[in-house]
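In: structure for this input, please:
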Amino acid sequence: MMSISIPTVDQVLQALSTVTDPDLKKDLVYLKMVDEVLVGAHRISFTLYLTTPACPLRDQLERDCRTALEREFPGYQVEIKMDVRQWERKGSLQRPEGLGAVILVLSGKGGVGKSTVAAGLARSLSDLGARVALLDADIHGPSQPTLWRLLNQRPGVVNEKMRPIECAGVAVLSLGMLVDAGQPLVWRGPMAGNALKQLVTDTDWGPVDYLVVDMPPGTGDVHLTLAQLLPDSYAVMVTTPHDLALADARKAAAMCQMESMRINLLGIVENMSWFTPIRRPDERYYLFGQGAGSALAEAFNVPLLTQLPLLAHETDGPPHADSEKSEQQAHAGDLPVADSLEWQKSPYQPYFEALAAALARAISVHQASSSELQHKSDSI
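Out: All right, here's what the predicted structure looks like:
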């Protein structure tokens, strides 16, 4: 009777070494993304460690692994378990335990849609399978309680630490939750920085893959405080195509590249890039000009991550308070991040899903590059 040769673990690894991570440009075995390989009669199983919790290439990598093994070992059943192996992360002594990558959403000036971008990004990272928290650090104008429909709600307290409010899979915390709606916060710069520091360190974030931070516009004490508290954070810059927004965005982007700040600027988000009536999606009206986002990205050698349009229903006549149609028109520009059903139907959802995927990939590449450089430095 002819004995059936069962492949060895080394042979399985050799087959999987033909699969390359599209972002990191190296094979999965070299990247130590394959572990716990088991081989039995007509069965191969292993764990595939992804480089980011919100990995948009998850299905492609799984498909490529199956193809490589089925080609080399026909007739074998392939079982793949997915997990995430986090890169070693730098931090400060005050950095909360379990806090993953920090993404600062910045803008040079107010009114460009920074808070909306932060909310949409946090919701989409969560939809991709990551554990996400959102910190509203805009001390003087906190918008996240309104966007997430959390007005007049207070965070819980567990073991003398605050607990963010869970909403649609995102842990949301804002200073606006600690004061009455409409109450102004008239603070000097150091007071604002200390309040934010306390908000970060005295909160039980739990294990979080991404902390999205809605930053105040401009540059100031809050930015310095977070740079010291959470070094080596990542950032996206939000601007509109208008010249005034672009001028201030340049200053905020330059702040990221200061060596003392240690903020990794990943790219530019251009908001309000054009206006499109929802019923006429092929039409575009450039209300604030064109090309500003691309020019800013080129100036700082980072990608233009996305362009977000203004989308709205057209009115057929004067609005009426009791008209259901008028109410839909009035809320057409809202971002329904707190409502899962409405969020999936929102015309903005695909834009933010693509943005979240692009940022997850960019962070993964940056962390891998930093880890490799650190490994080489330690070897010298």
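In: in which helix or strand does residue 135 reside?
Out: strand 132-136 (DSSP states H and E).
In: report the distance from that strand to the chain centre.
Out: Strand 132-136 has its C-alpha centroid displaced from the chain centroid by 10 Å (C-alpha atoms, centre = their mean, to the nearest Å).
In: just the helices in the protein please.
Out: With helices called from DSSP state H, the chain shows them at 9-16, 58-72, 114-127, 144-147, 189-201, 221-229, 243-256, 292-299, 324-330, 340-345, 349-379.
In: what's the most buried one of the ones you listed?
Out: helix 114-127 (a mean of 27; mean count of other C-beta atoms under 10 Å). (Each C-beta comes from the backbone N, C-alpha and C, glycine too.)
In: and the strand holding residue 135 with helix 221-229, angle?
Out: 140 degrees (axes from the mean of the first three to the mean of the last three C-alpha atoms, to 10 degrees).
In: partner strands of strand 132-136 and their direction?
Out: strand 170-174 (parallel), strand 208-214 (parallel) (DSSP bridges).
In: burial of residue 302, as a residue count?
Out: The local packing of residue 302 (other C-beta atoms under 10 Å) involves 21 other residues.
In: same check on residue 161?
Out: For residue 161, using other C-beta under 10 Å, the count is 14.
In: any chance of TSV for the helices of the chain, columns distance to residue 97 and mean pLDDT?
Out: Shown next, in TSV, are the helices of the chain (distance: least, C-beta to C-beta, whole Å; pLDDT from 0 to 100):
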stretch	distance to residue 97	mean pLDDT
helix 9-16	34	93
helix 58-72	27	92
helix 114-127	20	96
helix 144-147	24	92
helix 189-201	11	76
helix 221-229	14	83
helix 243-256	26	89
helix 292-299	35	92
helix 324-330	44	38
helix 340-345	30	91
helix 349-379	19	76
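In: how about residues contacting stretch 249-264?
Out: 104, 106-109, 112, 217-219, 223-224, 227, 231-235, 237-239, 265, 268, 296, 299-300, 366 (C-beta atoms under 8 Å, 6 or more residues apart in numbering).
In: quick one on the thing from earlier: could the helices of the chain go into a markdown table alongside distance to residue 45?
Out: Shown next, in a markdown table, are these (distance: least, C-beta to C-beta, whole Å):
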| stretch | distance to residue 45 |
| --- | --- |
| helix 9-16 | 10 |
| helix 58-72 | 10 |
| helix 114-127 | 28 |
| helix 144-147 | 43 |
| helix 189-201 | 41 |
| helix 221-229 | 42 |
| helix 243-256 | 44 |
| helix 292-299 | 44 |
| helix 324-330 | 51 |
| helix 340-345 | 34 |
| helix 349-379 | 25 |
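In: who wins for proximity to residue 24 among those?
Out: Closest approach to residue 24 among these (C-beta to C-beta): helix 349-379, 5.3 Å.
In: domains of the chain?
Out: For the chain, the structural domains run 9-84, 99-375, going by automatic domain parsing.
In: roughly how far apart are the nearest residue to residue 160 once chain neighbours are set aside and residue 137?
Out: In space, residue 160 comes closest to residue 202 once its chain neighbours are excluded; the distance is 7.9 Å by C-beta to C-beta, 6 or more residues apart in numbering. Residue 202 sits 14 Å away from residue 137, going by C-beta to C-beta, to the nearest Å.
In: and residue 9, by the same measure?
Out: 48 Å.
In: of all the helices of the chain, which lies closest to residue 170?
Out: helix 114-127 (4.9 Å).
In: would you confirm that residue 138 contacts residue 107?
Out: No: between residue 138 and residue 107 no contact is recorded; they are 9.8 Å apart, counting by C-beta atoms under 8 Å.
In: of those two, who's got more company?
Out: Comparing residue 138 with residue 107 by neighbour count (other C-beta under 10 Å), the higher total belongs to residue 107, at 29 against 25.
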